[in-house]
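>>> What shape does this take:
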Amino acid sequence: MGFFRSSFFGLACLLVFSSFLAMNLFLTLDSSLKYENVQSEIPSLINELTNSPTGILSLVDFGDIDINQATDKAKVFMENYCQNNTEYVFSFDGRTISIPCSSLEKGPEAVLNETASDFVDDIYYKEYDCNFLNCFTKEKVPFFLVSQKAKDYWHQKFLYALIISLVLMAFLLLLVESRINWPILVGSLLILSALPLLKIKSLILFFIPEKLHVVSVFLGIFFTQAYGTFWISFIIGLVLIGLGLGLRFSNAEFVERIIEKIEKKEAKEKRDAGKKLMKKETVKKEIKRKGK
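Numbering: from 1, shown residues only. Presented below is the predicted three-dimensional model:
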């Protein structure tokens, strides 16, 4: 393998690895933001928001909304209020939250889950009047990050990364010396690119101070399916490696013949192209000679 071919090969491997890394990240965000996952994670976030004295309240401008006051008011008056009513209603971030009084008998956790369920329905399916990036400036609280809008955004990014990965894999096939090694190489790169997903939550916790634990809880929602994505990539990578090893050590002569035919066809095309070029040069020389 010549110097330039080796350089292109190394660059192609790096690009394939990077595209796999992005693809795994986008797939994790896409699958983590399914409604069922968001619904199961929001209660712990609301609990952090209402009980943390600093938390996200110190980072976000809520305007006239005070989550702690709303929660304290609910705790003080809910039981008395429910003596003559069937549900308790209060406002949070401009949204009306209703809690059936029957949930009170099931304890605080049931109340929290009931609140979270209504809240998730509201923020997840809301029609946000902004594109994904503009929503950061238009929304007081970035709950759009855990919405259907965000899921669709990351799903689109995943599809783009998948297409780019397929193109780069095809380019890598042209550069690899032995094409039987191609599935082994691609499978190895895919597995390596998925390894960071195993520690991504730990990295988040490492860089976020303990006093901002609520932020880590919020960010953790985006990576609930990190292990699932890892196993998908890991299994596909193992299948590709197994396929490559099987082709390498098997007696499948027809595979070698197919590869040999492909290589012969490429060599023939190069020879034909060379002959055509030489023919054109000969014709040009003949024309020049006759012109003289």
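
>>> all strands of the chain, in order?
87-92, 95-100 (DSSP state E).

>>> Can you get me a residue count around the closest residue to M23 other than its chain neighbours?
Leaving aside its chain neighbours, M23 sits nearest to A161 (3.9 Å; criterion: C-beta to C-beta, 6 or more residues apart in numbering). Heads up, the C-betas are built off the backbone N, CA and C, glycines and all. Other residues near A161 number 20, with proximity taken as other C-beta atoms under 10 Å.

>>> Which pLDDT value does the model give the nearest residue to W154 once chain neighbours are set aside?
Spatial nearest neighbour of W154, chain neighbours left out: L29 (4.0 Å); criterion: C-beta to C-beta, 6+ apart. Here the pLDDT value assigned to L29 is 94.

>>> residues contacting L29?
150, 154, 157-158, 222-223 (C-beta atoms under 8 Å, 6 or more residues apart in numbering).

>>> In helices only, show me these.
Among these, the ones falling in helices (DSSP state H) are 150, 154, 157-158.

>>> which of these has the most neighbours?
Top of those by neighbour number is A150, holding 22 neighbours under the definition other C-beta under 10 Å.

>>> surely that residue meets F144?
Yes: assessed by C-beta atoms under 8 Å, A150 is found in contact with F144 at 6.2 Å.

>>> Give the residues shared as contacts by these two.
The contact sets of A150 and F144 overlap at F132 (C-beta under 8 Å, 6+ apart).

>>> what's the weakest-modelled helix or strand in the chain?
Every helix and strand in the chain was compared by mean pLDDT, DSSP states H and E; the lowest is helix 67-81, with a mean of 56.

>>> wait, which of the contacts of L29 is closest to K265?
K265 has its nearest neighbour among those in F158, at 35.6 Å by C-beta to C-beta.

>>> For that closest one, give me its contacts.
The contact partners of F158, by C-beta under 8 Å, 6+ apart, come to 23, 26-27, 29-30.
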